[in-house]
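*Asks:* Sequence first, then the predicted structure, then my questions.
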Amino acid sequence: MQLHIPPALKHRRFFYLWLGLMISVAGTQMQLWALFWHIRELTDQPIALGGIGAARILPIIIFSLIGGAVADSFNRRTVIFITQTVAALTALTLGLLTDFGHISLWHIYALTAVQAVAIAFDSPARQALVPNLVPAEDLPNAFSMTSIAYEVGSILGPALSGFAIAFAGQAAVYYINAASFMAVILALVLIGSVSQTFEKDSKGVSLLSIRDGIRFILSRPIIFSTMILDFVATFFASANTLMPIVARDVLHVGVVQYGWLSAAGSVGAVLAAFVVSQVRELKRQGLLFMGAVVVFGAATILFGLSRFFVLAWCALAIIGAADSVSTIIRNTIRQIRTPDELRGRMTSVNQIFFQGGPQLGEIEAGLVAQFFGAPFAIVSGGIGCILGVLWISRKWPQLTRYNGEEPALAGAIAN
């Protein structure tokens, strides 16, 4: 296979956003895994790690639908400016509290919740902005490259997190994350104004506007079924918060190895996303999507059974690769089949499923691990994920038959 420059990166404005996103995600992932380690140092109770999931998902549930309406009613670029600034200030506050020795569990939960509110408004605006930066034919490639940006950041973040904690202290991670948000802010400056389609007779940010977005999703089985599958898979097979316990108590490794273990999934995801970025056209997308989720669940089972560092690392890499393929396909399906004036609201509903699954799954994993141990929680979650795929394939057989050549409902705006 001859390598070529991904077509999405040939669009200057998308390239700026892509590069800024990669840097910002690295900082965010540094902070996330540092928070898990920080909580493990403050308490040895697994349920305390699950509390991070609650702090992250409740604001998403409360504010996500409003965030989608805001993304469709106001300038998306401006919305991202605001959310990135709030997230940077929150990370800076975490660093200062840690540096001066005033940090406690409730501080971590509260500031995590504030960042989650910012995410609730940021994600719909940012994801809906991508189709405004590239033409429709390059949209699958744009989401493949976006996945690479996330996963490269997710490789660098956890790996650097372990080194930063070991050699510079916990607070340094939070300061680095605060600075990383400037990359996206600078990208937005370089991008300049972006054309955006607004709904005729717009209802603005209102219950009627939110209702229209929900009605649209419920009337599109292909879109709705991908959201349900996303939620089911990540609810059962989400074990990120248990990683410190697995690292210290099952694999018996230190903080540096913990960082590399945390980055394993992203290594697999980058490799998978790179392969997809070189494929000009994906066939049988529905079947490929569901198969990737089955592999995701099976690799989760393998990780839960692992007692050796290398085997656990490889299992996590497979998990990341499978998740990357499913993410690219589902994002392409949703964005290409949603009109521009509804993309923010569609993304906001999806965000509840996408964020809700893993965050509620972290709570579930923490509870199961509290009573039955971390390995049992992880293995049972992988089994639940596979059973969920079988149920959804019977409930929505049209998803399995989806090829990707079906007519798009809306085109994107070319650069």
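*Replies:* The structure has been received and is ready for your questions.
*Asks:* from here on, contacts and neighbour counts on C-alpha atoms
*Replies:* Fine.
*Asks:* you'd agree Val232 is up against Cys385?
*Replies:* Yes - using C-alpha atoms under 8 Å, Val232 is in contact with Cys385, at 6.5 Å.
*Asks:* Who are the contact partners of Ile318?
*Replies:* The contact partners of Ile318, by C-alpha atoms under 8 Å, 6 or more residues apart in numbering, come to Gly265, Gly268, Ala269, Val295, Phe296, Ala299.
*Asks:* again, only this time at 7 Å
*Replies:* Gly265, Gly268, Ala299 (C-alpha atoms under 7 Å, 6 or more residues apart in numbering).
*Asks:* low-confidence ranges in the stretch 1-150 of the chain?
*Replies:* Residue ranges of the stretch 1-150 of the chain with pLDDT under 70: 1-3, 45-47, 49-50, 53.
*Asks:* Which parts of it are strands?
*Replies:* Using DSSP state E, counting those that start in this stretch, the stretch 1-150 of the chain contains no strands.
*Asks:* which stretches of it form helices?
*Replies:* In the stretch 1-150 of the chain, the helices defined using DSSP state H, counting those that start in this stretch lie at 12-42, 46-73, 76-99, 105-129, 139-168.
*Asks:* Just the buried positions in the longest one, please.
*Replies:* If I follow you right, that is helix 12-42. Neighbour-count burial for helix 12-42, counted by 16 or more other C-alpha atoms under 10 Å, picks out 13-40.
*Asks:* now for it, which elements pack on it?
*Replies:* Applying 3 or more C-alpha pairs under 7 Å, 6 or more residues apart in numbering; DSSP states H and E, one finds that helix 12-42 makes contact with helix 139-168, helix 170-191.
*Asks:* Kindly calculate the angle that the longest one makes with helix 170-191.
*Replies:* Okay, so that is helix 139-168. Interaxial angle of helix 139-168 relative to helix 170-191 (axes from the mean of the first three to the mean of the last three C-alpha atoms, to 10 degrees): 150 degrees.
*Asks:* Against which helices or strands is helix 139-168 packed?
*Replies:* In terms of contacts (3+ C-alpha pairs under 7 Å, 6+ apart), helix 139-168 is packed against helix 12-42, helix 170-191, helix 255-277, helix 309-336.
*Asks:* among those, which gets the worst mean confidence?
*Replies:* Per-stretch mean pLDDT for these is lowest at helix 255-277 (a mean of 80).
*Asks:* Nearest approach to Leu242 belongs to which of the helices and strands packed on helix 12-42?
*Replies:* For the helices and strands packed on helix 12-42, distance to Leu242 was read as C-alpha to C-alpha. The smallest value, 14.5 Å, belongs to helix 139-168.
*Asks:* Please point out which parts of the closest one sit buried.
*Replies:* Of all the residues in helix 139-168, those buried under the rule 16+ other C-alpha under 10 Å are 139-165.
*Asks:* now it and helix 255-277, what's the angle there?
*Replies:* Between helix 139-168 and helix 255-277, the angle formed by their directions is 170 degrees, by the same axes, to 10 degrees.
*Asks:* what's the spacing between Gly162 and Arg401?
*Replies:* 44 Å (C-alpha to C-alpha, to the nearest Å).
*Asks:* just Gly101 next, same as before
*Replies:* Taking C-alpha to C-alpha, one finds Gly101 at 56 Å from Arg401.
*Asks:* Which of the two has more residues huddled nearby?
*Replies:* Per other C-alpha atoms under 10 Å, whichever of Gly101 and Arg401 has more neighbours is Arg401, with 13 against 10.
*Asks:* who's in contact with the closest residue to the more buried one other than its chain neighbours?
*Replies:* Counting by C-alpha to C-alpha, 6 or more residues apart in numbering, the nearest residue to Arg401 once its immediate chain neighbours are dropped is Gly286, at 6.0 Å. Neighbour list for Gly286: Leu399, Thr400, Arg401, Tyr402, Asn403 [criterion: C-alpha under 7 Å, 6+ apart].
*Asks:* could you say which helix or strand contains Gly286?
*Replies:* Using DSSP states H and E, Gly286 falls within helix 285-305.
*Asks:* Dump the helices and strands packed on helix 12-42 to TSV, plus distance to Ser219.
*Replies:* Formatted as TSV, those follow (distance: least, C-alpha to C-alpha, whole Å):
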stretch	distance to Ser219
helix 139-168	23
helix 170-191	34
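*Asks:* right, so of these, which gets closest to Leu94?
*Replies:* helix 170-191 (6.2 Å).
*Asks:* neighbours of His102, just the number please.
*Replies:* His102, neighbours per other C-alpha under 10 Å, totals 10.
*Asks:* Which strand or helix spans the closest residue to Leu305 other than its chain neighbours?
*Replies:* Nearest non-adjacent residue to Leu305, counting by C-alpha to C-alpha, 6+ apart: Pro375, 6.5 Å away. In the assignment (DSSP H and E), Pro375 maps to helix 374-395.
*Asks:* tell me which residues in the next helix or strand after that helix are buried?
*Replies:* The helix or strand immediately downstream of helix 374-395 is helix 397-401, counting by DSSP H and E. By 16+ other C-alpha under 10 Å, the buried positions in helix 397-401 come out as Leu399, Thr400.
*Asks:* just to revisit the earlier point, now tell me what touches the helix holding Pro375 from outside.
*Replies:* So helix 374-395 is contacted by 229, 232-233, 236-237, 239, 242, 246, 290, 294, 297-298, 300-301, 304-305, 365, 368-369, 400 (C-alpha under 7 Å, 6+ apart).
*Asks:* and stretch 327-341, how far from the chain's centre?
*Replies:* 15 Å (C-alpha atoms, centre = their mean, to the nearest Å).
*Asks:* I figured Phe235 hits Leu360, correct?
*Replies:* Yes - using C-alpha atoms under 7 Å, Phe235 is in contact with Leu360, at 6.2 Å.
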